[in-house]
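# Model the following, please.
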Amino acid sequence: MPADPRAVLTRPAPAPDATVAYGEHPEQVADLRRPAGDGPARPLVVVVHGGFWRAEYDRSHTGPMAAALAALGHPVAQVEYRRTGQPDGGWPHTLTDVLAGVAALPGLAAAAMPGRVAGVPPILVGHSAGGHLALYVAAHAPGTVGGVLALAPVADLAEAYRLDLDAGAVAALLGGGPADVPDRYAAADPSALVPIRVRTVVIHGGQDRQVPVRMSRSWAAAARAAGSPTTLVELPECEHFGLIAPGSAAWPRVVDALRSLHDDLQGIDAESPTR
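Numbering: from 1, shown residues only. The predicted model follows:
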């Protein structure tokens, strides 16, 4: 019997090396993982977890992915944020938490892992709703982001609302539909935020039943038409969860995409002190 792809959500992972706070709220924290070996400083990789922005999904399910990336030599931070179903979750705090975390984490990680975090903006790796949040940060604070790897992102909130993805997840995040809170959609929806000037790689599986691949197709096409440096990689046999599962058939493509974003950052302020 084929393995349940959702098993990655409960797969155990090694404990992080440290947990740091980027704000005063208990959810404004991030788990840090030190890169394996004694290699040179590299850009921080900030993993933004998915779960349709809901409280029942936290950063723990990205532990296997984060540990695998650290084993490849990347310093990694798994950022947490307030989520719907929690006090103060949803609009605007879910979004502003990730903005604040991305801005603060390179300095916090550099202090916790001396000599291992390069003094360049981090690469954001976001899955599903985390992909949406990564695109949101890149659009609103491009100077804090060195690259985005968006894995099956919810890249069109208005369409996700119309499709009723995860039984009202977008309405829970923003407080209603596009007709109810149009200003919130204008501020938060990646489809309304192109062009995004940060180099972005989107990977999406053709068998994805949680977030339709056509959402990434339409967003990437609009982003490229607007001049965004965007690449779309479609994996016809991949579903939603294989993108965050080390050892899956899709995982080498994820690693390759991250390597390409890392290589783009090589040489950018390479001699500056770590932050």
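# Quick one: neighbours of Arg259, just the number.
Around Arg259 there are 12 other residues, counting by other C-beta atoms under 10 Å. All C-beta spots, glycine's among them, are computed from the backbone N, C-alpha and C.
# Kindly state the pLDDT recorded for it?
As predicted, Arg259 sits at a pLDDT of 97.
# ok, now which ones touch His262?
Taking C-beta atoms under 8 Å, 6 or more residues apart in numbering as the criterion, His262 is in contact with Arg42, Pro43, His74, Ile123, Gly147.
# do the same with Glu237
Applying C-beta under 8 Å, 6+ apart to Glu237 gives the contacts Gly205, Gly206, Gln207, Ala249.
# among these, who's most crowded?
The most neighbours of any of those, using other C-beta under 10 Å, belong to Gly205, which has 26 neighbours.
# bridging residues for that one?
Note on Gly205: beta-bridge partners Leu235, judged by DSSP bridges.
# any chance of the contacts of His262 in a markdown table, with secondary structure, distance to Leu173 and neighbour count too?
Listed next are the contacts of His262 as a markdown table, based on DSSP: H, G, I helix; E, B strand; the rest coil; distance: C-beta to C-beta, whole Å; neighbours: other C-beta atoms under 10 Å:
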| residue | secondary structure | distance to Leu173 | neighbour count |
| --- | --- | --- | --- |
| Arg42 | strand | 32 | 19 |
| Pro43 | coil | 29 | 23 |
| His74 | coil | 29 | 26 |
| Ile123 | strand | 24 | 29 |
| Gly147 | strand | 25 | 27 |
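# Longest helix in the chain, by number of residues?
What stands out as the longest helix in the chain, according to DSSP state H, is helix 93-112.
# The residue lying closest to Asp189 once chain neighbours are set aside: neighbouring residues, count only.
Nearest in space to Asp189, with sequence neighbours left out and distances taken as C-beta to C-beta, 6 or more residues apart in numbering, is Leu157 at 4.0 Å. Leu157 has 26 neighbours, counted by other C-beta under 10 Å.
# What ranges does this structure have for its helices?
63-71, 93-112, 129-140, 157-163, 169-174, 182-188, 213-225, 251-265.
# So which of those is the most surrounded?
Most buried of the helices of the chain, by mean neighbour count (mean count of other C-beta atoms under 10 Å): helix 129-140, with a mean of 28.
# Tell me how far stretch 97-109 lies from the chain's centre.
Relative to its parent chain, stretch 97-109 has a centroid offset of 13 Å by C-alpha atoms, centre = their mean, to the nearest Å.
# could you give me the average pLDDT of stretch 150-169?
The model assigns stretch 150-169 a mean pLDDT of 98.
# First residue to last residue on it, what's the distance there?
With C-alpha to C-alpha, to the nearest Å as the measure, stretch 150-169 spans 19 Å from end to end.
# coming back round to it: could you work out which of the helices of the chain reaches nearest to Leu151?
helix 129-140 (5.7 Å; C-beta to C-beta).
# counting contacts, what elements does that closest one pack onto?
If you count contacts as 3 or more C-beta pairs under 8 Å, 6 or more residues apart in numbering; DSSP states H and E, helix 129-140 packs onto strand 45-48, helix 93-112, strand 123-127, strand 147-151, strand 200-205.
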